[in-house]
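Q: sequence and predicted structure below; questions after.
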Amino acid sequence: MKKLRSQEWFGRDGKDGFIYRSWMKNQGWPHDLFDGRPVIGICNTWSELTPCNAHFREIAEWVKRGVWEAGGFPLEFPVMSLGETQMRPTAMLFRNLASMDVEESIRGNPMDGVVLLMGCDKTTPSLLMGAASCGLPTAGLSGGPMLSGKFRGRDIGSGTGIWQMCDQVQKGEMTVDEFQEAESCMHRSKGHCMTMGTASTMANMVEALGMSLPGNAAIPAVDARRNRLAQLTGRRIVQMVKDDLVISKILTRANFENAIRANAAIGGSTNAVIHLIALAGRVGVPLCLDDFERLGSELPCLLNLQPSGKYLMEDYFYAGGLPAILRQLGEAGELHREALTVNGKTIWENVTDAPCWNRDVIHEFADPFKARAGITILRGNLAVDGAVIKLSAASPHLLQHRGRAVVFENIEDYHARINDEGLDIDETCVMVLKNCGPRGYPGMAEVGNMALPPKLLRKGVTDMVRISDARMSGTAYGTVVLHACPEAAAGGTLALVQPGDMITLDVAKRVVRLEVDESTLADRRARWVPPPLPKRGWARLYMEHVQQADKGADLDFLVGNSGSEVARDSH
């Protein structure tokens with residue numbers, strides 16, 4: 001085993017060694033812990049303001065058990081925690097900032113390997129991105145989903161149930177008191193969203209990338225097997241350090257392609273597109289929107305889970321979890337079987353005998369839940385650099401549609417007018433939302449799944465074509481075109497759409513088009529004024545350097561990595 005980087009701190013003689021060891025000893029650590037054993041950092045996103053991650057102190061203790069058992073020295077450290085449900089204007093604004101926190105915390109401290117504790121939406125990609133920019137042996141551990149929501153004898157799912165019940169209140173089918181009663185029934189245990197929202201999607205991506213031990217994606221947060229997985233992860237990271245199994249050996253092109261295919265098979269969130277592209281950029285793996293189109297758009301959805309289906313993550317776990325999905329992909333020739341994972345085995349070795357206990361939850365590849373239901377990439381003058389649509393959550397009858405644009409200049413404009421009974425809109429229209437992309441919001445908030453006008457809901461309309469430069473929650477559903485690039489705030493064609501313009505969506509042809517001639521667009525473009533930059537702080541830095549969604553919305557100067565070289569002494 002090569003010399004461990006932690007020994008550049010703890011293995012020193014003289015004044016420097018004294019300083020590094022002595023101040024650590026104020027916590028009660030005995031001298032022999034500094035004898036050259038692997039130091040394992042436990043990167044913790046615990047926060048009471050991040051409800052999905054509020055149980056991570058307990059999980060960290062189980063990781064520590066495993067590290068101790070394997071002869072390592074565990075040291076827990078905090079990083080910025082991004083709570084999707086609480087942070088304004090959007091947690092996505094801070095994903096890249098948190099990744100910088102992770103990267104510099106790892107590189108600047110005496111650790112040889114790291115376990116990433118992540119759960120809520122942006123904590124997973126931010127931790128992976130930061131760790132990838134350092135390059136140490138790294139293992140991911142998700143916090144697990146909540147138990148299924150239960151309300152008046154039926155299951156309700158995080159987010160998905162909210163959108164459904166909001167519509168029911170608007171239509172007069174549910175009282176406000178009943179709606180408020182459901183608050184305590186939907187989220188009734190520790191863990192992240194139990195639908196296939198972004199948190200669950202990214203937990204699946206961690207496992208599909210080979211960055212976690214098998215089973216990580218679906219074990220409920222309160223199930224004792226989640227603690228067992230944490231302990232085994234602690235054991236495994238020590239051996240990864242000894243084997244020099246660094247993160248770049250796992251995050252290869254083959255592993256990213258496996259993740260893209262897995263995302264299609266589970267009906268995963270469109271947010272996975274942005275996060276996987278950003279992560280790939282940190283390790284130098286070329287990945288673009290066309291890869292999602294080529295590898296995943298024609299794949300079937302095998303998982304009957306909200307919002308695309310009816311079950312929840314607890315059911316998914318009992319049915320076999322991601323290993324059962326990956327086995328189906330592997331048997332269908334849609335998996336790079338040789339891709340390496342953190343347990344030192346190939347992904348196929350991990351899943352070749354994976355059982356499925358419920359075919360109504362996890363379908364076979366030959367008899368899928370939904371055919372050709374992956375994320376599809378659209379282009380046209382309305383999204384020159386691409387846009388995305390999640391077919392498994394869309395309405396088939398709207399996938400080829402032409403309609404009149406009803407335009408909202410920003411989210412405030414939408415909220416001010418959507419409930420107006422005089423709004424000139426019907427079910428054939430296309431709802432257009434501008435200035436909600438990376439620069440425009442800023443941070444690219446999850447507002448793309450605009451609620452329909454109450455007057456149309458009362459008519460029984462359940463879906464309409466919606467287009468924006470925003471994202472939407474993985475828990476959401478509908479015929480929603482997202483991530484239009486370039487965004488409106490960057491001068492994309494979306495900024496030029498005016499009320500009454502005709503828009504064509506043709507998913508089969510991969511087209512989203514504004515039916516306005518080029519001379520008219522040129523005239524509108526000449527009058528367009530870009531939004532002002534914030535005066536100071538993170539928002540200013542972010543808007544000056546954030547890339548567009550098709551590049552993963554990372555900051556331009558964060559693409560790539562700086563490795564784990566030990567910096568000069570601090571004294």
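A: Sure, I can see it. Numbering: from 1, shown residues only.
Q: show the residue spans covered by the strands in this structure.
A: Under the criterion DSSP state E, the chain contains strands at 39-44, 73-78, 113-118, 138-142, 149-151, 154-156, 375-380, 383-390, 400-408, 430-433, 465-468, 480-485, 502-506, 511-514.
Q: for R439, which of the ones you listed is the nearest?
A: strand 480-485 (11.5 Å; CB to CB). For every residue, glycine as well, the C-beta is placed using N, CA and C.
Q: what's the burial count for F292?
A: By the criterion of other CB atoms under 10 Å, F292 has 25 neighbours.
Q: how close does it get to M100?
A: 26 Å (CB to CB, to the nearest Å).
Q: one step back: export the strands of the chain to CSV and tack on mean pLDDT, mean neighbour count and distance to Y441?
A: What follows is the strands of the chain, written out as CSV (pLDDT from 0 to 100; neighbours: other CB atoms under 10 Å; distance: least, CB to CB, whole Å):
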stretch, mean pLDDT, mean neighbour count, distance to Y441
strand 39-44, 98, 26, 27
strand 73-78, 98, 19, 27
strand 113-118, 98, 30, 23
strand 138-142, 98, 30, 27
strand 149-151, 92, 18, 29
strand 154-156, 91, 16, 29
strand 375-380, 97, 23, 21
strand 383-390, 97, 25, 17
strand 400-408, 98, 18, 13
strand 430-433, 98, 27, 11
strand 465-468, 98, 28, 11
strand 480-485, 98, 28, 13
strand 502-506, 98, 19, 22
strand 511-514, 98, 20, 21
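Q: with distance to P220 added, can I get these in CSV?
A: Formatted as CSV, those follow (distance: least, CB to CB, whole Å):
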stretch, distance to P220
strand 39-44, 20
strand 73-78, 23
strand 113-118, 16
strand 138-142, 11
strand 149-151, 13
strand 154-156, 14
strand 375-380, 26
strand 383-390, 25
strand 400-408, 39
strand 430-433, 35
strand 465-468, 33
strand 480-485, 29
strand 502-506, 38
strand 511-514, 39
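Q: which one of the ones you listed lies nearest to N561?
A: Nearest of the strands of the chain to N561, taken as CB to CB: strand 138-142 at 12.2 Å.
Q: which helices and strands does that closest one pack with?
A: strand 113-118, helix 123-132, helix 198-208, helix 224-243 (3 or more CB pairs under 8 Å, 6 or more residues apart in numbering; DSSP states H and E).
Q: so which of those gets nearest A319?
A: Using CB to CB, these put helix 198-208 closest to A319, at 13.7 Å.
Q: tally of neighbours for A371?
A: 11.
Q: tell me how far it lies from P300.
A: Counting by CB to CB - A371 and P300 are separated by 5 Å.
Q: looking at the helices and strands packed on strand 138-142, which is nearest to A394?
A: helix 198-208 (16.7 Å).
Q: S47 is in contact with Q86, correct?
A: No: counting by CB atoms under 8 Å, Q86 sits too far from S47 to count as a contact (9.3 Å).
Q: please say which of the two ends up with more neighbours.
A: S47 (19 against 13).
Q: the stretch 451-571 of the chain: helices as residue ranges?
A: Using DSSP state H, counting those that start in this stretch, the helices of the stretch 451-571 of the chain run over 454-457, 518-527, 537-545.
Q: nearest approach to D244 belongs to which of the ones you listed?
A: helix 537-545 (33.3 Å).
Q: packing partners of the closest one?
A: Using 3+ CB pairs under 8 Å, 6+ apart: helix 537-545 touches helix 95-108.
Q: run through who's touching the helix it packs on.
A: 41, 43, 77, 79-82, 114, 116, 122-123, 125-127, 129-131, 133-134, 136, 278, 538, 542, 546, 553-555, 558, 562-565, 567 (CB atoms under 8 Å, 6 or more residues apart in numbering).
Q: make a PyMOL selection of the buried ones in those.
A: The buried residues among those can be selected in PyMOL (16 or more other CB atoms under 10 Å) with this line:
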select buried, resi 41+43+79+80+81+82+114+116+122+123+125+126+127+129+130+131+133+134+136+278+542+546+553+554+555+558+564
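Q: tell me the phi and psi of D463?
A: The phi/psi pair for D463 (degrees, to the nearest 10) reads phi -160, psi 150.
Q: excluding covalently adjacent residues, which one is nearest to it?
A: S395 (4.4 Å; CB to CB, 6 or more residues apart in numbering).
Q: now do the contacts for the one you found.
A: Counted by CB under 8 Å, 6+ apart, S395 has contacts T462, D463, G478, T479.
Q: show the buried residues in the residues you listed.
A: D463, G478, T479.
Q: just the closest of those residues to A91, please.
A: Of the buried ones among the contacts of S395, the one sitting nearest to A91 (CB to CB) turns out to be G478, at 21.8 Å.
Q: distance check, that closest one against F179.
A: G478 is 20 Å from F179, by CB to CB.
Q: low-confidence stretches in the chain?
A: Regions of the chain meeting the criterion pLDDT under 70 are absent.
Q: now do the buried residues in stretch 16-30.
A: Y20, R21, M24.
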